[in-house]
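# Here you go, sequence then predicted model.
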Amino acid sequence: MIRATFTAILSHWRLHPLQLAMLVTGLALATALWSAVQAINAEARASYAEAAARISPSGQTYLTPQDGYIELDQYVALRREGWQLSPVLIGTLTEDTAEAGATDLEVIGIDILSHPMMARLAATDSSPDESAQATLTPADLLLAPGHLFAHPDSDLDLLMRSLPPVTRTTVVPRGVVVGDISTVARLLGKPFLISRLVILDEQPIGLRPLAELAPQLRLQTASTGADTAQLTRSFHLNLTAFGLLSFAVGLFIVQGTIALGIEQRRGLFRTLRSLGVPLNTLVALIFAELLVTTLLAALLGLILGYLIAAALLPGVGATLSGLYGASLDGSLQLRPGWVFSGLAMALAGMALAGAQSWVGLSRLPILAAPAAAARGQQALRGHRLSALSGALLVLGAAAIPALFDGLLAGFAFLAGLMLGAALLLPLALSRLASVGVQLARKPVTLWLWADMRAQLPGLSLALMALLLALATNIGVGTMVSSFRLTFLGWLDQRLASELYMTLPQEEMAKDVLPWLADRGIRTLPIRHSDERYVGPDGIGAPMEVYGVVDDATYRDNWPLLQAEPTVWSQLAEGRGALINEQLARRADLGPGDTLVIAPDWRMRIAGVYSDYGNPNPQAIVGLETLLRHRPLIENRRFGLRLPPAEVAEIRAALQREFGLPRSAFIDQSALKAQSLAIFDRTFVVTGALNLLTFGVAGFAMLTSLLTLWSQRLPQLAPIWAMGLTRQQLARYEILRSVILAGLTALLALPLGLLLGWALLAVVNVEAFGWRLPMSLFPLDWLQLLLMALAAAALAAALPARRLSKLKPADLLRVFANER
């Protein structure tokens, strides 16, 4: 009996293959987008862990300073006490080129005689560059010019002229160069400074505790990938939120298709129950049917997710590099974590989407008639309950920012807001359709609005999906466009110099600067020191401290968010400092507070400036103050203030007089263009996910209209019999779909703007450390409205075409059915 019953249940899909395809495709799309996001996140975390493990293996302990660097005499004192330590120096090497602007390279100096990493460097197969020797000796690494190690995929072409010979090896992470600490100290201009002291495994017995010998140093244990993972946590949480949203939109397709399949088989179920099939057996067989379908769809979704992730991974790498400076491997691996996650989400999604249908099936009386119209009225009554639930969710979401702080609270607010608005949508559309009925004056118009309201139960899920997709596009688009507009203005302020120059050797400044001064050209030195700031949360981050001269360029152009009236005078006199917005928010600092740059270097904060695109703390002091504390920093980079019309002439004269290469110069317009290119590449993933979510929503509308096609004939046949042609009915079907999509788009606009505000004022602050002003872009809204109308028209085109080609006999057959 079970086999015969299961065969009868499955026969429905043989008669409705398109409906089966919609069910499998909907769940596959939902699983694919979720799996793609999880695969990207897993790959990123694996890259962080691999890179961190190569430099600082998990469990390795080391000493770090409270602020700044460890002095050489501190290290010598600990060694004399018997402690076995290995010094490490970490810094950033910057090269300005015409080809790529400012290129940053992380450089790590280790003691090749004691650091554990040196054993792996010596044991691995390495491929030397043309400038490197095939066989290296300790003398090659220790004596000038020294030697460096880099990953084969690291692009060092633009920096090779300033680097010693380089050997390629996979032991070193991408984007990092490793060498002996003496070589790295020369490159960074930081002799006698140490970033951390690695505590080696084997130590003599009876040593004095480190807490007594060096109370100013902190003992830390390396947690693989912790720093980078903490820094990029917000980005991966953003991706996960996109994945959940896309999964929810895909489930709307699944839920509607399952409900329709149950609805269309009610007569079959009644017949099977009358033949003696137990209700529990019937429910179990439906569950088995959906389980098999889920596994098939999940497998297809995982394959699609892998392909989507592989396509998006380069964009994710650009985003992580642009926003956080994090390196991401360009290859994608099949990892069990995201595979099982996608499978589990598919099963959970099917259970969630089919729960309502299973409950209704379990309560099915044997002699109950289908009563589709009555159930439609019941669905309309259910909209009121749905709207009440939605209103409660919106109210709860509104209370979250007032009660909780942090990124998770921001996403909880967004989730409650979006889900609540989606639940309110059917009732809102029903009320708007009722207004249309009241305003209608012609019979056909009256029927159109009334029919639209009657079809809402079957289309509500697809319209919810469209609402979420449109609101997400509006909100995220508002955030990105506001960021871009603000970024453009910020670039105009920060890049005030007409020409930027980087000298090949520092000694050349003695000749070049007087030559420029004789011609009335003001030179603004660009000099900075790499420090390390440890915030109140105990998490350290690199901090750049720049020194500026007292010049009108900064007074007139620098973008200050908060400032004391005499801020620039304080900088010039060495009495104050500026900090960027990220540091101000992270450490809760502002004008009047004290900034601790190093144990012997404290500055009063005189102002806070915007610093978009920089994930790390940054500070600005007077140049004399910087040189007093860090006299050995290099002096090769300059901004030149001169009339724009003379830029080409002065650049040519400098090249002719001093033999400077063309790559030593970069003009303002080129630097802005490069910055904007990086910006646009940074948000390519966001745009792709937006487009995919919108595509899934459009597919949801197509699914709903196709699956409701068979139920439309009883409503359309009487209208056809009254005199409307099939072609007219087909046009009205398209018009009905377009009107519903247009109303949904109008309701999505305020929701999207509220989402955009939340992203800028809540999520963006927690994720990146800066807050942006919100700008409005009506042309983008119009474009989205047109896209929504086009998607609705395309979704209704196939059912409308079927209607226009329908035989009159099929319409007449409706009247032969007493139901």
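Thanks, I have it.
# Tell me where the stretch 401-550 of the chain is predicted with low confidence.
Residue ranges of the stretch 401-550 of the chain with pLDDT under 70: 406-407, 535-540.
# Walking through it, point out its strands one by one.
Assigned by DSSP state E, counting those that start in this stretch, the strands in the stretch 401-550 of the chain fall at 499-502, 522-525, 527-534, 540-548.
# What pairs with the longest one, parallel or antiparallel?
The pairing partners recorded for strand 540-548 under DSSP bridges are strand 527-534 (antiparallel), strand 618-622 (parallel).
# now the strands of the stretch 401-550 of the chain in CSV, with distance to residue 171?
In this view, the C-beta of every residue, glycine as well, is placed from N, C-alpha and C. Formatted as CSV, those follow (distance: least, Cβ to Cβ, whole Å):
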stretch, distance to residue 171
strand 499-502, 31
strand 522-525, 38
strand 527-534, 24
strand 540-548, 23
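# Now mean neighbour count and distance to residue 770 too, for those, in JSON lines please.
JSON lines is the format used below for the strands of the stretch 401-550 of the chain (neighbours: other Cβ atoms under 10 Å; distance: least, Cβ to Cβ, whole Å):
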{"stretch": "strand 499-502", "mean neighbour count": "22", "distance to residue 770": "24"}
{"stretch": "strand 522-525", "mean neighbour count": "18", "distance to residue 770": "24"}
{"stretch": "strand 527-534", "mean neighbour count": "22", "distance to residue 770": "17"}
{"stretch": "strand 540-548", "mean neighbour count": "21", "distance to residue 770": "15"}
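# re the thing from before, for residue 359, which of the strands paired with strand 540-548 is the nearest?
When the strands paired with strand 540-548 are compared by Cβ to Cβ, strand 527-534 sits nearest residue 359, at 55.6 Å.
# How far off centre is the lengthiest helix in the chain?
Longest helix in the chain, counting residues (DSSP state H): helix 443-494. Remark: helix 443-494 is offset 20 Å from the chain centroid, using Cα atoms, centre = their mean, to the nearest Å.
# and the spatially closest residue to residue 494 that is not a sequence neighbour, backbone torsions?
Excluding its sequence neighbours, the residue lying closest to residue 494 (Cβ to Cβ, 6 or more residues apart in numbering) is residue 559, at 6.9 Å. Main-chain dihedrals, residue 559, degrees, to the nearest 10: phi -80, psi 100.
# try residue 13
Dihedral angles (degrees, to the nearest 10) for residue 13: phi -70, psi -30.
# The closest residue to residue 739 other than its chain neighbours: neighbouring residues, count only.
Leaving aside its chain neighbours, residue 739 sits nearest to residue 452 (6.7 Å; criterion: Cβ to Cβ, 6+ apart). Look at residue 452: counted by other Cβ atoms under 10 Å, it has 23 neighbours.
# which residues sit in contact with residue 10?
Taking Cβ atoms under 8 Å, 6 or more residues apart in numbering as the criterion, residue 10 is in contact with residue 289.
# element containing it, please.
Using DSSP states H and E, residue 10 falls within helix 2-15.
# So for that helix, what gets flagged as buried?
By neighbour count on 16 or more other Cβ atoms under 10 Å, the buried set for helix 2-15 is 5-6, 8-9, 12-13.
# Ok, stretch 421-436 next?
Judged by neighbour count (16+ other Cβ under 10 Å), stretch 421-436 contains these buried residues: 421-430, 432-433, 436.
# before we move on, what about stretch 262-277?
262-266, 269-270, 272-273, 277.
# Greatest separation within the residues you listed: which pair is it?
Checking those with Cβ to Cβ, the most distant pair is 263 and 277, at 18.8 Å.
# For residue 20, which of the strands paired with strand 540-548 is the nearest?
Per Cβ to Cβ, nearest to residue 20 of the strands paired with strand 540-548: strand 618-622, 57.7 Å.
# show me where the stretch 551-700 of the chain has helices.
Assigned by DSSP state H, counting those that start in this stretch, the stretch 551-700 of the chain shows helices spanning 552-557, 567-572, 581-587, 623-629, 647-658, 668-682, 684-707.
# among the ones you listed, which is nearest residue 205?
When these are ranked by proximity to residue 205 (Cβ to Cβ), helix 623-629 comes first, at 40.1 Å.
# what pLDDT, on average, does that closest one get?
In this model, helix 623-629 has a mean pLDDT of 92.
# picking that back up, looking at the strands of the stretch 401-550 of the chain, which is closest to residue 661?
Shortest distance between residue 661 and the strands of the stretch 401-550 of the chain, using Cβ to Cβ, is found for strand 499-502: 9.7 Å.
# Quick one: list the elements packing against that closest one.
strand 85-97, strand 637-641, helix 647-658, strand 665-667, helix 668-682 (3 or more Cβ pairs under 8 Å, 6 or more residues apart in numbering; DSSP states H and E).
# Distance from it to the middle of the chain?
For strand 499-502, the distance to the chain centre is 33 Å (Cα atoms, centre = their mean).
# Also stretch 552-569?
Centroid separation for stretch 552-569 versus its chain: 33 Å, with Cα atoms, centre = their mean.
# What count of nearby residues applies to residue 340?
As a burial measure, residue 340 scores 12 neighbours (other Cβ under 10 Å).
# any idea how far it lies from residue 262?
The gap separating residue 340 from residue 262 is 29 Å, by Cβ to Cβ, to the nearest Å.
# cool, residue 624 as well?
Here the criterion is Cβ to Cβ. By it, residue 624 lies 79 Å from residue 262.
# same thing with residue 8?
15 Å.
# what do you get for residue 293?
13 Å.
# try residue 741
Residue 741 is 27 Å from residue 262, where distance means Cβ to Cβ.
# Can you redo the helices and strands packed on strand 499-502 as TSV, where the extra columns are mean neighbour count, mean pLDDT and distance to residue 520?
Shown next, in TSV, are those (neighbours: other Cβ atoms under 10 Å; pLDDT from 0 to 100; distance: least, Cβ to Cβ, whole Å):
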stretch	mean neighbour count	mean pLDDT	distance to residue 520
strand 85-97	21	76	24
strand 637-641	20	91	10
helix 647-658	14	90	11
strand 665-667	21	81	19
helix 668-682	16	69	19
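# any chance of the ones you listed in JSON lines, plus distance to residue 194?
Listed next are these as JSON lines, based on distance: least, Cβ to Cβ, whole Å:
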{"stretch": "strand 85-97", "distance to residue 194": "5"}
{"stretch": "strand 637-641", "distance to residue 194": "25"}
{"stretch": "helix 647-658", "distance to residue 194": "36"}
{"stretch": "strand 665-667", "distance to residue 194": "34"}
{"stretch": "helix 668-682", "distance to residue 194": "33"}
